[in-house]
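>>> Please find the sequence and the predicted model below.
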Amino acid sequence: MKIGIDFGTTNTSVALVDDAGQVRVLPIDAAANSPTSMRTMLYIERDGDIHIGADAIHTYYAQNVGRIPRLTKQWVGEIEIVITEGGTVVLDAFTDVDADAPGRLLHSLKSPLASDYAGTTIFGKYYALEDLIAEFLRRLKQRVAGLVHEPIESVVFGRPVNFVGAATEADNHRAQARLADAAQRAGFSNIRFELEPIAAGLSYGQKIQDGVKDSGLEIKDWGLDIAPAASNPQSLIPNPQKNVNFLVFDFGGGTLDVAIIQMQPNGRQTVIATGGIGIAGDHFDQAIVRRALSAWFGQQVRWGPQRLALPSHMLGALGDWQDIQALATPPTLAFLAQAQRDCSDPMRLFALEDLIAKGYAYGLYAQVERAKVALSRERWTCIDYEAGEISLWQPVTRPQFEGFIAHERRLIRDMLLQTLERAQLSPSAIDYVVRTGGSSSIPCFIELLSDLFGRERVVEQDLFTGVAAGLGIRAVES
């Protein structure tokens with residue numbers, strides 16, 4: 001069996017082409033809201049049990065939320081310090097660890113691939129980053145084999161145009177090599193890669209070809225013109241005389257990737273240019289927390305006789321739920337206890353203490369993500385979160401949210417124009433724009449695409465499974 005895997009920063013999907021020639025996106029996570037889209041989450045228990053997807057999240061909640069950590073010092077190695085020219089001293093290094101932690105939840109496993117991050121120690125066992133990804137992929141492979149009742153012969157993985165943090169093409173090659181290494185450790189043998197926006201284009205092209213088949217036209221003799229108010233493949237009018245340029249806008253949780261592809265009348269697709277930027281949905285969640293919620297956790301609190309602000313590193317950690325958990329150290333908790341005795345608003349610091357120490361950070365971010373999604377449908381929504389000493393109710397409007405991410409929108413517009421320039425095409429030369437990935441449904445980015453290319457040219461691909469479907473198509477190609 002040959003499959004395609006969209007191993008995403010936030011979600012993972014798997015697709016294949018069945019014996020009837022139909023693309024199937026597999027239901028790999030029955031416990032998830034959408035079984036064809038699995039959260040790229042890994043939870044490792046102290047006893048070595050490992051969970052992925054919705055099971056990882058549910059197990060984390062059951063074992064950790066509301067639990068107070070018991071912090072102890074643990075030796076982690078030695079450090080060498082230069083004290084004089086030519087002289088050094090070696091000291092033991094210790095860190096604070098939660099002695100009773102039942103497990104550890106990891107997310108965004110794909111994001112460090114282009115970095116120097118090597119790995120981490122979990123309950124005394126060292127895991128290279130490739131090992132952590134392999135643990136996820138190994139269990140995913142087992143699920144897929146159970147669904148198709150066949151061994152997996154080969155796999156095509158998607159990869160972004162530019163991995164998160166990649167400054168050079170060498171960084172991208174290294175990240176792809178690390179992902180290939182992880183896949184080999186997971187038991188995959190025949191491994192190939194395809195750019196994610198190109199895979200989305202393949203999937204959308206297949207839909208269009210299926211539409212042409214239904215109309216009785218020969219696949220080898222087709223091209224496309226865009227009908228007014230195009231919104232799906234059925235509204236695209238075949239024209240066998242014309243080359244067609246389309247731009248794929250693949251905007252997920254970790255990266256934004258674009259590809260400009262030309263379709264020839266014989267159905268052949270040629271990639272003209274690609275582009276990408278390390279901005280996506282996770283960044284927008286962080287922007288909401290920093291800009292709309294920091295006040296609930298002490299941003300405006302002043303403490304002590306000199307009425308000082310909270311340390312900047314403490315407020316800065318609110319930008320990532322795992323950074324929040326990392327603040328659970330004796331010095332930080334002792335500082336909060338001291339500040340709570342003499343401050344302008346102790347309730348905010350009680351909330352911050354519980355957010356840090358009792359495992360509520362992931363739950364908060366889950367509510368923020370729900371609010372972000374709601375703002376794609378509504379003009380305003382509320383982030384409502386009650387846990388321990390946290391009692392938060394914060395309205396957020398769509399104009400506010402768009403203000404939070406205005407800088408990122410400008411960067412994305414610049415990237416689109418630069419990609420067009422590399423393709424030596426003007427916006428008017430793009431016949432239609434295919435948007436896929438959850439973040440592509442954010443209204444201000446739909447408006448951006450409409451302003452550049454015309455609203456009638458912007459169409460929607462399957463937001464969460466379009467890339468996987470294209471990878472499944474690529475997998476059957478010899």
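Now that the structure is in, tell me what you want to look at. Numbers count the residues shown, from 1 in each chain.

>>> V271 against P197, yeah?
No - the pair V271 and P197 does not pass the contact test of CB atoms under 8 Å, sitting 9.0 Å apart. Quick note: C-beta positions are derived from backbone N, CA and C, even for glycine.

>>> Mind listing the shared neighbours of these two?
A259 (CB atoms under 8 Å, 6 or more residues apart in numbering).

>>> Looking only at neighbour counts, state which of those two leads.
Each of V271 and P197 has its neighbours counted (other CB atoms under 10 Å); P197 has more, 32 against 15.

>>> May I ask which helix or strand encompasses the more buried one?
Using DSSP states H and E, P197 sits within helix 196-214.

>>> just D6 next, same as before
Per DSSP H and E: strand 2-7 holds D6.

>>> mind checking how far the following helix or strand past that strand is from the chain centre?
As assigned by DSSP H and E, the chain's next helix or strand after strand 2-7 is strand 11-17. Centroid separation between strand 11-17 and its chain, computed with CA atoms, centre = their mean, to the nearest Å, is 16 Å.

>>> List the pairing partners of strand 11-17 within its sheet, with orientation.
Strand 11-17 pairs in its sheet with strand 2-7 (antiparallel), strand 23-25 (antiparallel), strand 38-39 (antiparallel), by DSSP bridges.

>>> Residues contacting the last one, please?
This means strand 38-39. Around strand 38-39, the neighbours that count as contacts under CB under 8 Å, 6+ apart are 10-13, 28-29, 32, 52-54, 56-57, 107, 140.

>>> show me where pLDDT drops low in the stretch 251-400 of the chain?
Within the stretch 251-400 of the chain, the stretches with pLDDT under 70 are 267.

>>> ranges for the helices of it?
Secondary structure of the stretch 251-400 of the chain (DSSP state H, counting those that start in this stretch): helices located at 281-288, 312-316, 321-326, 330-341, 346-357, 361-374, 398-404.

>>> hang on, P112 packs against L129?
Yes - P112 is within contact range of L129, at 5.8 Å (criterion: CB under 8 Å).

>>> where does the stretch 101-250 of the chain dip in pLDDT?
In the stretch 101-250 of the chain, residues with pLDDT under 70: 205-241.

>>> Tell me where it has strands.
Assigned strands in the stretch 101-250 of the chain, in chain order: 103-107, 119-122, 125-128, 154-159, 190-195, 224-226, 236-238, 244-251 (criterion: DSSP state E, counting those that start in this stretch).

>>> out of the ones you listed, nearest to D282?
Taking CB to CB as the criterion, strand 103-107 is the member of those that comes nearest to D282, at 9.0 Å.

>>> Direction included, what does the closest one pair against?
Counting by DSSP bridges, the strands paired with strand 103-107 are strand 41-45 (antiparallel).

>>> immediately after the strand it pairs with, which helix or strand?
Remark: after strand 41-45, the chain's next helix or strand is strand 50-52, criterion DSSP H and E.

>>> just checking, what packs against that following strand?
If contacts are counted by 3 or more CB pairs under 8 Å, 6 or more residues apart in numbering; DSSP states H and E, strand 50-52 sits against strand 41-45, helix 129-148.

>>> want to try TSV for the ones you listed, with distance to A429 and mean neighbour count as columns?
TSV is the format used below for these (distance: least, CB to CB, whole Å; neighbours: other CB atoms under 10 Å):
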stretch	distance to A429	mean neighbour count
strand 41-45	41	21
helix 129-148	39	19
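
>>> Can you tell me which of the ones you listed is nearest to E386?
Comparing those under CB to CB, the one sitting nearest is strand 41-45, at 23.6 Å.

>>> Identify the residues contacting P395.
Taking CB under 8 Å, 6+ apart, one finds W380, T381, C382 in contact with P395.

>>> With D181 instead?
Going by CB under 8 Å, 6+ apart, D181 touches E130.

>>> Over to I5?
Applying CB under 8 Å, 6+ apart, the residues near I5 are T12, S13, V14, L137, L140, V155, V156, F157, G158, A468, L471.
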